[in-house]
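*Asks:* task: produce atomic coordinates for the following.
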Amino acid sequence: MRSPSLSAAATGSGSVRIQGSRSPAAATSPGAGSVASASTIDFQVQLKLSDAQGAQAFARAVSSPGNPAYGKYLTAAQWEQRFSPTSGQVREVSAFLRQSGFAVGSVSADRMSVSASGTAARVQRTFGTSLSYHRVDGARLRLADRDLSVPAGVAGVIAGVTGISQTPAHPDSTTDNPAAATTSSPNFPQPPGFRVAPPCASYYGQQVDTTRPPFGQGYPSPAPYAVCGYTPSQFRSAYHLTGGADGSGVTVAITDAYASPTLLSDAQQFASLNDPSHPLLASQFSELVPSSFNDGDACGASGWFGEQTLDVEAVHGTAPGAHILYVGARNCNNPLFDAIRTVVDHHLANVITNSWGDDGGDLLTDANTRATVDNILEMAAGTGISTLFSSGDDGDEFTTLGAVVADYPPSSPWATAVGGTTLQVGAGGQRRGEFGWSTARSFFCNETFVTLGGCEASQLGTWGPIDEALDGGSGGGTSFVYPQPFYQAGVVPASLSERNAATVGGDPKRVEPDISMEADPATGMLVGETQTFPNGVFYDQYRIGGTSVASPLFAGVIARADETAGHALGFLNPRLYQLAGNPRALLDVQSAGKQDQSRADFANSINANDGFLFSTRIIDYEGQEMFCAPDEPCKSRDVALSTGPGYDSMTGLGAPGGDFVQALTGR
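*Replies:* Take a look at the predicted model:
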């Protein structure tokens, strides 16, 4: 909830330093080259709210059941009149930018942001910083190497500058398809094809693996095969969403980067094949996308198409009556935040689901960017919009970053962070079990795996060791920067809220996720999407997982809750945490004990021509995990996230229970 501040110390003649504007990653990541002086940089100057404390207090009041102001939201125009910067301040900042030689672009409807562009040389000179490329989590990013500064004359108006340091987001979805990466084509073709290999089950436990020897180590034998992907009716049945409201009259907005040209037709075909009693009508879908996109290579544009597809199909699956608005950003950087801002500024939806984030962003995203997004989320709360973020797919991030760090934006106290579970749906559509999604795997040594170099011929017919690099898991963790929000006090154990005390002091901090739903790619959701196969480009179906599934599924649940309540529920967390300990409202996710599932995959991702890979997937893995940096010894630790009674660090409050909608709405 803290905003970056302007240092009182001058950085030059008449200039003031913006503390927190330097990218934290610049100090910890290796350099990867210089930024060309003539290269163009698009950025945004963020303006201070006229009453930042008042905006926070108002958002809290209207979101807290029992408060006299609860549910008494402002319209977007009313919020802007009360809390936004003035038009005069916008003109002042715009004049500063023009006088500095920048091209000034649009001003956000909330007057909190002024867009501009200019050369890297002009950016460095105007803002008194230096820019260079760094290698961060496998990506080459442009970062500010020291805090930016602005003239003292406008310092009292400017809250920060965003976009100069790149903070790319990525989809929080996974198929375990090695081919589904990025594209270098400017035409953004449909992504590479992926198919689920047999055998796979229609429901959990339908088929078991009697072909390979027992995995052992205390795991039961035979292990159930992975499901082929759950259908909408299975989700509605397992989560008790088969009657009552269906989301009619509620709009759910989905934000992602880019836009699949077959997004609606794919979702309509999927519904007709898998949920024919709930077709997706053209009148239930609309798009808001820019006239052009950019940075396709760096962002892996086509890789976002599957994310968009699952988002639309998941929302429609749990709320078949809702209207869906897809909002596509120009790229995977700051325009994603602008997509949320557009929905909030014009109140285009009751619920926003965002299945993307920045790995370790609670520490690595600069304070300017976090404060900017938090202001947008506060405005969403003040105007009655529920804003959801998937919590991430790499667990505690140790295997990707070598440190235990929460992702951002889900670590924001104004976001509802949706974590992931392994959902076990039985033959009758009932929830047989639900456990924390944290997966380790072991591969079976067969001829195909030998050919790929995964094992030796002498090991044929045996299982390999459990891979401590992990195979994904529900994101979560304790913030380094956000104090404990009011709604978590008394619910989140001190062992979690004070986990980072040795680093940032003993005050309790924000912990995420808040709630969870299905996300395991070995159970996962069935989706349909147009893909590129060797014999053409056409629609096909496959299984997908990740907390990218959980967030839109939960968005559909909230759409049903909004319809049931007869009004928008707005920022959900205060109400959610009041349900803690209510077994009818929330399923308290417990340890899975010794459970695993057997999985088959095509070695080439699409057919059996190159053989099969077989693996066992450990459910709710909480053992050792490993991080290996180039040219450095690998290091290991126990997985930092776990399940257990009450609020836990892997699934938060748990999963929606049988009477979740009724309890949330007080009906």
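*Asks:* surely Gln234 touches Ala427?
*Replies:* No: between Gln234 and Ala427 there is no contact under Cβ atoms under 8 Å: 10.4 Å. No exception for glycine: its C-beta is placed from N, CA and C like everyone else's.
*Asks:* report the rounded mean pLDDT for the top helix by length along the chain.
*Replies:* Longest helix of the chain, by residue count under DSSP state H: helix 547-565. For helix 547-565, mean pLDDT is 98.
*Asks:* mind checking how far stretch 210-220 is from the chain centre?
*Replies:* 34 Å (Cα atoms, centre = their mean, to the nearest Å).
*Asks:* can you give the contact residues for it?
*Replies:* By Cβ atoms under 8 Å, 6 or more residues apart in numbering, the list of residues contacting stretch 210-220 from outside reads 221-223, 442, 444, 461-463, 594-596, 598, 614, 616, 618.
*Asks:* could I have the buried ones of the residues you listed as PyMOL selection syntax?
*Replies:* The PyMOL command for the buried members of the contacts of stretch 210-220 (criterion: 16 or more other Cβ atoms under 10 Å) is given here:
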select buried, resi 223+442+444+463+595+596+598+614+616+618
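*Asks:* closest to Asp338 among the contacts of stretch 210-220?
*Replies:* Of all these, Asp338 sits closest to Ile618, with 40.0 Å by Cβ to Cβ.
*Asks:* check contacts around that closest one.
*Replies:* Ile618 makes contact with Tyr219, Thr439, Ala440, Arg441, Ser442, Ile466, Gln595, Asp596, according to Cβ under 8 Å, 6+ apart.
*Asks:* can you check Ser15 too?
*Replies:* Neighbouring residues of Ser15 by Cβ under 8 Å, 6+ apart: Gly128, Ser149, Val150, Pro151, Ala152.
*Asks:* what's the pLDDT at the fourth one?
*Replies:* Spelled out, it's Pro151. We have a pLDDT of 93 for Pro151.
*Asks:* now do the contacts for it.
*Replies:* Contact analysis of Pro151 by Cβ under 8 Å, 6+ apart lists Gly14, Ser15, Val16, Phe96.
*Asks:* what's the last one sitting at in phi/psi?
*Replies:* Per-residue torsions, Phe96: phi -60, psi -40 (degrees, to the nearest 10).
*Asks:* pretty sure it is in contact with Val154, am I right?
*Replies:* Yes: contact criterion Cβ under 8 Å: Phe96 and Val154 qualify, at 4.9 Å.
*Asks:* okay, the two: which has more neighbours?
*Replies:* Taking neighbours as other Cβ atoms under 10 Å, Phe96 and Val154 compare with Phe96 leading, 21 against 17.
*Asks:* break down the stretch 251-400 of the chain into its helices, ranges please.
*Replies:* Along the stretch 251-400 of the chain, counting by DSSP state H, counting those that start in this stretch, helices occupy 263-274, 296-299, 305-318, 335-345, 361-364, 367-382, 398-401.
*Asks:* quick one, which of those helices is nearest to Pro513?
*Replies:* For Pro513, the closest of the helices of the stretch 251-400 of the chain is helix 361-364, at 12.8 Å, according to Cβ to Cβ.
*Asks:* in JSON lines: the helices of the stretch 251-400 of the chain, plus mean neighbour count, mean pLDDT and distance to Thr530.
*Replies:* Shown next, in JSON lines, are the helices of the stretch 251-400 of the chain (neighbours: other Cβ atoms under 10 Å; pLDDT from 0 to 100; distance: least, Cβ to Cβ, whole Å):
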{"stretch": "helix 263-274", "mean neighbour count": "20", "mean pLDDT": "98", "distance to Thr530": "6"}
{"stretch": "helix 296-299", "mean neighbour count": "18", "mean pLDDT": "87", "distance to Thr530": "18"}
{"stretch": "helix 305-318", "mean neighbour count": "28", "mean pLDDT": "97", "distance to Thr530": "8"}
{"stretch": "helix 335-345", "mean neighbour count": "24", "mean pLDDT": "96", "distance to Thr530": "23"}
{"stretch": "helix 361-364", "mean neighbour count": "25", "mean pLDDT": "90", "distance to Thr530": "31"}
{"stretch": "helix 367-382", "mean neighbour count": "26", "mean pLDDT": "95", "distance to Thr530": "32"}
{"stretch": "helix 398-401", "mean neighbour count": "21", "mean pLDDT": "93", "distance to Thr530": "30"}
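*Asks:* now those helices in TSV, with distance to Gly566?
*Replies:* Shown next, in TSV, are those (distance: least, Cβ to Cβ, whole Å):
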stretch	distance to Gly566
helix 263-274	27
helix 296-299	40
helix 305-318	19
helix 335-345	22
helix 361-364	36
helix 367-382	19
helix 398-401	43
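*Asks:* of all those, which lies closest to Tyr239?
*Replies:* Taking Cβ to Cβ, helix 305-318 is the member of the helices of the stretch 251-400 of the chain nearest to Tyr239, at 7.2 Å.
*Asks:* elements contacting that closest one?
*Replies:* Helix 305-318 sits against helix 232-238, strand 251-257, helix 263-274, strand 323-329, strand 525-533, helix 547-565, with contacts defined as 3 or more Cβ pairs under 8 Å, 6 or more residues apart in numbering; DSSP states H and E.
*Asks:* could I have it exported to CSV, CA atoms only?
*Replies:* The C-alpha coordinates for helix 305-318 follow below in CSV (Å, rounded to 0.1, in the frame of the first residue of the first chain):
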residue,chain,number,x,y,z
PHE,A,305,-3.6,-17.4,-27.8
GLY,A,306,-4.1,-20.6,-25.7
GLU,A,307,-4.4,-18.4,-22.6
GLN,A,308,-7.2,-16.4,-24.1
THR,A,309,-8.9,-19.5,-25.3
LEU,A,310,-8.9,-21.2,-21.9
ASP,A,311,-10.0,-18.0,-20.2
VAL,A,312,-13.1,-17.6,-22.4
GLU,A,313,-14.0,-21.3,-22.2
ALA,A,314,-13.5,-21.4,-18.4
VAL,A,315,-15.6,-18.4,-17.7
HIS,A,316,-18.4,-19.7,-19.9
GLY,A,317,-18.0,-23.1,-18.3
THR,A,318,-18.8,-21.9,-14.7
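*Asks:* per-domain residue ranges of the chain.
*Replies:* 6-49+84-166, 171-191+248-665 (automatic domain parsing).
*Asks:* ranking those by burial, who's on top?
*Replies:* For the domains of the chain, average neighbour numbers computed from mean count of other Cβ atoms under 10 Å are highest in domain 171-191+248-665, which has a mean of 22.
*Asks:* ends of that domain, what's the gap?
*Replies:* Across domain 171-191+248-665, the terminal residues are separated by 31 Å (Cα to Cα, to the nearest Å).
*Asks:* next one: it to chain centre, how far?
*Replies:* 6 Å.
*Asks:* which of the contacts of stretch 210-220 fall in strands?
*Replies:* Using DSSP state E, the members of the contacts of stretch 210-220 that fall in strands are Ser442, Asp596, Ser598, Phe614, Thr616, Ile618.
*Asks:* mind putting those into CSV with distance to Gly392 and pLDDT?
*Replies:* Formatted as CSV, those follow (distance: Cβ to Cβ, whole Å; pLDDT from 0 to 100):
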residue, distance to Gly392, pLDDT
Ser442, 24, 97
Asp596, 23, 97
Ser598, 26, 97
Phe614, 28, 98
Thr616, 24, 97
Ile618, 19, 97
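*Asks:* for Gly402, state which of the residues you listed is nearest.
*Replies:* Of all these, Gly402 sits closest to Ile618, with 22.1 Å by Cβ to Cβ.
*Asks:* look up the closest residue to His347, ignoring the ones flanking it.
*Replies:* Nearest residue to His347, sequence neighbours excluded (Cβ to Cβ, 6 or more residues apart in numbering): Ala76, at 5.0 Å.
*Asks:* how about the backbone phi and psi for the one you found?
*Replies:* In terms of degrees, to the nearest 10, the main-chain angles of Ala76 are phi -60, psi -40.
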